[in-house]
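3D, please:
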Amino acid sequence: MSAASDDETFAALGLRAELLAALGTLGYEEPTPIQREAIPHLLNGRDLLGQAATGTGKTAAFTLPMLHRLRPERSTTAPFALVLVPTRELAVQVSEAVHRYGRDLGVRVLPIYGGQPIQRQVRTLERGVDVVVATPGRILDHLGRNTLALEAVEVVVLDEADEMLDMGFAEDIESILDTLPAGRQTVLFSATLAPRVDKIARRHLRDPIRITTRREAAAAGTVPRIRQQAYIVPRAHKPAALGRVLDVEAPTAAIVFGRTRDEVDQLTESLNGRGYRAEALHGGMSQEQRDRAMGRLRNGTADLVVATDVAARGLDIKQLTHVINYDVPASPDAYVHRIGRVGRAGREGVAITLAEPREHRMLSTIERVTKQRISVEQLPTVADLRARRLELTRAALEESILGDDLSGFRVVVESLTDEHDVMEVALAAVKLAHEASGAAAAEEDIPDVTSQVRRAEAGPRPPRERRSGSVPSTGMTRLFVGLGRSAGIRPQDLVGAITGESPVRGREIGAIEIADRFSLVEVPEAAADQVLAALRAGTIKGRKATVRRERDRPPRGS
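Take a look at the predicted model:
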């Protein structure tokens, strides 16, 4: 197992000491390909156009150089950097990353999105911030109120630009970029470089460096013929999902890949608490500790190893049956290297990836590059898990019947059958055996988001105009919004307000009708209450609106 060479470390990229210390504390061991390629150019102040999907490490790729350039003697309260993102979830995630990396620098970061009181944001802006991470609609709200000054911005980042364009933010993005200083550094990341993304890049980026994380020639055709599947899991439920997958799969020996040392340590502790014999393997351990962990997996005293990519280099474990990616790997190459550890020498193997809803595009990229299908399956349910656990209990009982000397227990059975039916005695014994194994433990519910992601993978669906009197599509409900053409409302304004302030994605929104004084918009029935609550708490183009289900509207003439 080889450690990363000196030119593969974050230190080799020339980052300041405070950032290197933060990365070390967080357990990041080496840069991902996108970080290795992008960071040196961004440190030199170049504009950059990057094609990179979620899960490639692009957040650190633009955040670390931004923080490196942040001067400690800044006295202005106006932001130094602006990051535009499509959704509130991504705004929170990027803000958390900025805070973690810049903790030792005392960086002040503020996420700005709809669905939270704007006055709280105003007060924070008045006190002063260094980095603003925001959805375009809410930025325009602040610009309209004169509560946000952008004249000091030196770095602007458009993260997931294609997603923002799909959601109808093109005009908003252009308006925001036009207000920024001409000499700022502009960074644009997008999973696809469609013509409209390229149009923005040509207009607003100056002689940009172009990079991509796709490496088709290197990875194509190198993946062994093993079962490859993925489960789409919300981030908060991933630890429970990992345990459930392991319980159902029951691997002989497995490697679970995590991104950082901290994540590896946390997962190892969680799995041991669930009853697995798990060993950690990462760059923060001595060679002796690593060898000891691998020895336990090879001799069967450990069930699985939780490892980072760096620590797992060069491993060849003959009895390995499963590789599980706790996160989508940062590149197709990394995916190939990971799952290639199973299925060797004609042996069967299983590769499972736990992907967050936003990472489905990276799965598609990996499929295209490797020319291998990754089947997106529904996560095993609680009922599936209970059935599997009962099957294991039955197998353990059968093994005991065939191989153990049970004569010492005969007196107990005979005395019980004097008073009870033999079937009842057997059922009670099975129940006790099942509970004693820990298999009867309660399981938390994990929301199924697979169908939502499959709809998203069908591609962008622009807002559809509908004919008056038509009925909503199957599985959709229609909302009445008390703003229309007279208020300057456009379809993209409604799409942006919904996606910026609720979990609904742009591709999930159905038909839209805009009348003079009101609008009608179709949203998934399952998310209608969340959309209603979000729109009632927020604004659309800076204005409050009456929002209700269309069927709640009073009849005409009442």
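
C-alpha only now, for contacts and for neighbours.
Noted.

what does the model give the residue nearest the centre of the chain for pLDDT?
What sits nearest the mean C-alpha location of the chain, by C-alpha atoms, centre = their mean, is residue 356, with 3.7 Å. On the pLDDT scale, residue 356 is placed at 88.

Next up, the contacts around it.
By C-alpha atoms under 8 Å, 6 or more residues apart in numbering, the contact set of residue 356 is 232-235, 327.

Ok, residue 384 next?
residue 248.

Contacts for the helix or strand hosting residue 290, please.
Assigned by DSSP states H and E, residue 290 belongs to helix 287-298. With contact meaning C-alpha under 8 Å, 6+ apart, helix 287-298 is reached by 253, 279-282, 302-305, 317, 319.

got the buried residues for that helix?
290, 293-294, 296-298 (16 or more other C-alpha atoms under 10 Å).

And the residues you listed, which two are furthest apart?
Greatest spacing in the buried residues of helix 287-298, by C-alpha to C-alpha: 290 and 298 (12.4 Å).

any low-confidence regions in this structure?
Where the chain drops to pLDDT under 70, the residues are 1-7, 53-55, 115, 213-225, 313-316, 343-347, 437-445, 448-474, 551-558.

dump the residue contacts of residue 401.
Neighbour list for residue 401: empty [criterion: C-alpha under 8 Å, 6+ apart].

Repeat that for residue 140.
So residue 140 contacts 172, 176, 541 (C-alpha under 8 Å, 6+ apart).

Just the residues you listed: which are in helices?
172, 176 (DSSP state H).

need the buried residues of helix 287-298 in CSV with distance to residue 323, can you?
Listed next are these as CSV, based on distance: C-alpha to C-alpha, whole Å:
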residue, distance to residue 323
290, 18
293, 17
294, 15
296, 17
297, 14
298, 15
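
Of those, which is the nearest to residue 523?
Comparing the buried residues of helix 287-298 against residue 523 with C-alpha to C-alpha places residue 297 closest, at 49.3 Å.

The closest one and residue 436, how far apart?
Using C-alpha to C-alpha, to the nearest Å, one gets 25 Å for the distance from residue 297 to residue 436.

likewise residue 334?
The spacing between residue 334 and residue 436, counted by C-alpha to C-alpha, is 40 Å.

just to revisit the earlier point, out of the contacts of residue 356, who's the most crowded?
In terms of neighbours by other C-alpha atoms under 10 Å, those top out with residue 232 at 27 neighbours.

That one bridge partners, please.
residue 355 (DSSP bridges).

Wait, it touches residue 355, no?
Yes: at 4.9 Å, residue 232 and residue 355 qualify as touching, with contact defined as C-alpha atoms under 8 Å.

C-alpha coordinates for stretch 178-198, CSV please?
Provided in CSV are the C-alpha atoms of stretch 178-198 (Å, rounded to 0.1, in the frame of the first residue of the first chain):
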residue,chain,number,x,y,z
ASP,A,178,-23.5,42.6,-15.4
THR,A,179,-23.5,44.4,-11.9
LEU,A,180,-20.1,42.9,-10.9
PRO,A,181,-16.8,44.6,-11.3
ALA,A,182,-15.2,44.1,-14.7
GLY,A,183,-11.9,42.9,-13.3
ARG,A,184,-13.2,40.1,-11.1
GLN,A,185,-12.2,36.4,-11.6
THR,A,186,-15.1,34.3,-13.0
VAL,A,187,-15.3,30.6,-12.5
LEU,A,188,-18.0,28.4,-14.1
PHE,A,189,-18.6,24.7,-13.4
SER,A,190,-21.2,22.7,-15.3
ALA,A,191,-21.9,19.0,-15.7
THR,A,192,-22.6,19.6,-19.4
LEU,A,193,-21.2,22.3,-21.7
ALA,A,194,-24.4,22.9,-23.7
PRO,A,195,-24.4,25.9,-26.2
ARG,A,196,-26.3,28.1,-23.7
VAL,A,197,-23.6,27.4,-21.0
ASP,A,198,-20.9,28.2,-23.6
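
Buried ones in it, by neighbour count?
Quick answer for stretch 178-198 (16+ other C-alpha under 10 Å): 180, 184-193, 197-198.

got it, and stretch 113-132?
Within stretch 113-132, the residues that count as buried by 16+ other C-alpha under 10 Å are 113-115, 118, 121-122, 125, 128-132.

how about those in CSV, adding distance to residue 259 and secondary structure?
Formatted as CSV, those follow (distance: C-alpha to C-alpha, whole Å; DSSP: H, G, I helix; E, B strand; the rest coil):
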residue, distance to residue 259, secondary structure
113, 28, coil
114, 31, coil
115, 31, coil
118, 35, helix
121, 33, helix
122, 36, helix
125, 34, helix
128, 33, coil
129, 30, coil
130, 28, coil
131, 25, strand
132, 26, strand
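
All the strands of the stretch 401-550 of the chain, residue numbers only.
Listed in chain order, the strands of the stretch 401-550 of the chain (DSSP state E, counting those that start in this stretch) span 464-465, 476-481, 511-514, 519-524, 547-549.

Of these, flag the one that's most buried.
Most buried of those, by mean neighbour count (mean count of other C-alpha atoms under 10 Å): strand 519-524, with a mean of 24.

how far out from the middle of the chain is it?
The chain centroid and the centroid of strand 519-524 are separated by 27 Å under C-alpha atoms, centre = their mean, to the nearest Å.

What strands flank that strand, and is each parallel or antiparallel?
Applying DSSP bridges, strand 519-524 is found paired with strand 476-481 (antiparallel), strand 511-514 (antiparallel).

Relative to residue 36, which of those is closest?
With C-alpha to C-alpha as the criterion, residue 36 lies closest to strand 511-514 of those, at 43.0 Å.

Output that closest one in CSV with nothing but the alpha carbons.
This file holds the C-alpha atoms of strand 511-514, laid out as CSV (Å, rounded to 0.1, in the frame of the first residue of the first chain):
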residue,chain,number,x,y,z
ALA,A,511,-47.6,22.8,-16.7
ILE,A,512,-47.7,26.5,-15.9
GLU,A,513,-50.4,29.0,-16.9
ILE,A,514,-49.9,32.7,-16.3
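
Quick one: residues contacting residue 105.
Applying C-alpha under 8 Å, 6+ apart, we find residue 105 in contact with 18, 72.

per-domain residue ranges of this protein.
32-213, 217-381, 383-436, 461-552 (automatic domain parsing).

Can you give me the end-to-end span of the shortest one?
Length of domain 383-436, first residue to last, C-alpha to C-alpha: 19 Å.

by contact count, what packs against the helix or strand hosting residue 123?
Using DSSP H and E, residue 123 maps to helix 118-127. Here helix 118-127 touches strand 109-112, going by 3 or more C-alpha pairs under 8 Å, 6 or more residues apart in numbering; DSSP states H and E.

Report all helices and strands that the strand it packs on contacts.
helix 88-101, helix 118-127, strand 131-134.

Residues in contact with the second one: which ones?
Looking back up the chat, that one is helix 118-127. 77-78, 110, 112, 147-148.

what does the shortest one give?
Under the contact criterion C-alpha under 8 Å, 6+ apart, strand 131-134 has outside partners 79-85, 88, 91, 94-95, 107-113.

7 Å instead?
For strand 131-134, contacts defined as C-alpha atoms under 7 Å, 6 or more residues apart in numbering pick out 79-85, 91, 95, 108-113.

Can you report phi and psi for residue 156?
Per-residue torsions, residue 156: phi -130, psi 140 (degrees, to the nearest 10).
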